[in-house]
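**Q** got a predicted structure here, sequence first:
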Amino acid sequence: MVTTSSPPRLAIAVMGAGAVGCFHGGMLARAGHSVTLIGRPTHVDAIRTHGLRMQTQWFDEAVALRVSTDASAVAGADVVLFAVKSPDTESAGAAMGPHLAPDALVLCLQNGVDNAERLRSVLPDHAVAAAVVYVATEMAGPGHLRHHGRGELLIEPSPHSTQIAQALAEAGVPTEVSGNVRGALWAKLILNCAYNALSALARLPYGELVQRPGVVDVMRDVVAECKAVAQAEGVTLPPDVDATVRRIPETMPTQFSSTAQDLMRGKPTEIDHLNGHVMQRGEALGVPTPANRVLWTMVKLAEHAFADSRPAEQQPRR
Ligand SMILES: NC(=O)C1=CN([C@@H]2O[C@H](COP(=O)(O)OP(=O)(O)OC[C@H]3O[C@@H](n4cnc5c(N)ncnc54)[C@H](OP(=O)(O)O)[C@@H]3O)[C@@H](O)[C@H]2O)C=CC1
Ligand SMILES: CC(C)(CO)C(=O)C(=O)O
């Protein structure tokens, strides 16, 4: 069944029709907003023909929305949900820049702590707000979104943040505007630094990973380094970071990290923006980060090993 939308209220474009962009864009489309997904031809063709299949924890239906493979489709949007992987931030931002309405808000739905800043450097005349994304989603196939849980957002204040937060909340995505998105992004980064590389290198889900000898000790060292760098950066971390890190294997025992998923698909990972970012900021601030450095190096080696074992035409960008 293809769901028909009620009259549009906000014009939304989604730059990066992948797991996160399709989830949040799809939820807004179901609520009657005018949503255009911008993505790769495989997803765009499937969604144009069958609608976006949203297989969520709450419903399974096909949602009708506009699609394009061209960044110029951001034209006329009140809000752009920016949901490409971290290595694509500058290129995707630069591609849509000339077409953005002057007062459009670009909301960065990405992991890592510096995407909004890097996006601002290519969109100096536009409002860009960072968001912390708490969701577990994947693209199960062309135009097919599978949602494993959650979906809430924490977004930075901006002239349009309250309006988009209200629209998202009404669409079923609990959203708060927060004065400490930076601290929350760092808390998520610490989680990613502790789990992503180890899950990827061991090819293990979190429940099994933490049972293996030495893993919890390495995670403790990684987290301590990240906290020291955050402190030297002047970041106010939420008080419950250690408890949040400890809870992951209980709440997501069967989950493989996104870094593991990228490696298994032969795609470049976001590791430069996770352990790599902590390592770089540590160097700049005089904080040693040996455990993060080892994990970053191992994942970079694994990226190359995967790429080198594939035929030239299938090799990922790096
Ligand atoms: N998935 C999840 O559950 C969560 C993800 N996140 C974060 O959200 C961000 C997005 O992740 P996710 O949705 O999983 O990633 P995906 O890879 O599923 O989605 C990004 C999509 O954007 C496409 N894309 C990249 N550049 C362009 C472009 N210029 N024009 C059109 N399409 C483009 C990519 O294509 P291609 O692959 O061909 O480059 C890909 O299909 C990341 O920072 C991630 O860490 C945060 C919380 C949870
Ligand atoms: C929270 C976590 C670690 C869940 O898998 C994640 O964000 C990721 O895999 O990138």
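**A** That came through fine. Ligands and ions are numbered 1, 2, ... in the order given.

**Q** distance of whichever residue of the chain sits closest to ligand 2 relative to residue 94?
**A** The chain approaches ligand 2 most closely through residue 258 (3.4 Å), counting by CB to the nearest ligand atom. Where you see a C-beta, it was placed from the backbone N, CA and C, and this is true even at glycine. As judged by CB to CB, to the nearest Å, residue 258 and residue 94 stand 24 Å apart.

**Q** if I pick the residue of the chain closest to ligand 2, what's in contact with it?
**A** Residue 258 sits next to 111, 196, 269, 270 when contact means CB atoms under 8 Å, 6 or more residues apart in numbering.

**Q** again with residue 164
**A** Residue 164 sits next to 10, 79, 105, 107, 155, 175 when contact means CB under 8 Å, 6+ apart.

**Q** which PyMOL command selects the buried ones in those residues?
**A** The buried residues among these can be selected in PyMOL (16 or more other CB atoms under 10 Å) with this line:
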select buried, resi 10+79+105+107+155+175
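
**Q** need the contacts of residue 164 in a markdown table with secondary structure, distance to residue 36 and pLDDT, can you?
**A** Shown next, in a markdown table, are the contacts of residue 164 (DSSP: H, G, I helix; E, B strand; the rest coil; distance: CB to CB, whole Å; pLDDT from 0 to 100):
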| residue | secondary structure | distance to residue 36 | pLDDT |
| --- | --- | --- | --- |
| 10 | coil | 12 | 96 |
| 79 | strand | 11 | 98 |
| 105 | strand | 15 | 98 |
| 107 | strand | 15 | 98 |
| 155 | strand | 20 | 98 |
| 175 | strand | 20 | 98 |
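
**Q** what's the closest of the contacts of residue 164 to residue 89?
**A** Among these, residue 107 lies closest to residue 89 (CB to CB), at 13.2 Å.

**Q** say whether ligand 1 is contacted by stretch 32-51.
**A** Yes: using CB under 6 Å from any ligand atom, stretch 32-51 reaches ligand 1 at 38, 39, 40.

**Q** between the residues you listed, which is closest to residue 213?
**A** The closest of those, once distances to residue 213 are taken by CB to CB, is residue 40, at 41.3 Å.

**Q** enumerate the residues of the stretch 201-318 of the chain near ligand 1.
**A** Counting by CB under 6 Å from any ligand atom, the residues of the stretch 201-318 of the chain near ligand 1 are 258, 270.

**Q** so which bits of the stretch 201-318 of the chain are right by ligand 2?
**A** 252, 255, 257, 258.

**Q** which one (most neighbours) among those?
**A** residue 257 (26 neighbours; other CB atoms under 10 Å).

**Q** okay, now the unreliable bits of the protein?
**A** Within the chain, the stretches with pLDDT under 70 are 1-8, 307-318.

**Q** can you name the residue of it nearest to ligand 1?
**A** Ligand 1 sits closest to residue 18 of the chain, with a gap of 1.6 Å, by CB to the nearest ligand atom.

**Q** and the nearest residue to that residue once chain neighbours are set aside, how far from residue 154?
**A** Counting by CB to CB, 6 or more residues apart in numbering, the nearest residue to residue 18 once its immediate chain neighbours are dropped is residue 139, at 5.9 Å. The gap separating residue 139 from residue 154 is 24 Å, by CB to CB.

**Q** now residue 54
**A** In terms of CB to CB, residue 54 sits 22 Å off from residue 154.

**Q** the residue of the chain closest to ligand 1: how many residues sit nearby?
**A** Counted with other CB under 10 Å, residue 18 comes out at 19.

**Q** how about the contacts made by it?
**A** Residue 18 makes contacts with 39, 43, 83, 84, 85, 139, as judged by CB under 8 Å, 6+ apart.

**Q** ok so, going back, just put the contacts of residue 258 in TSV and tack on distance to residue 61.
**A** Formatted as TSV, the contacts of residue 258 follow (distance: CB to CB, whole Å):
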residue	distance to residue 61
111	28
196	32
269	32
270	30
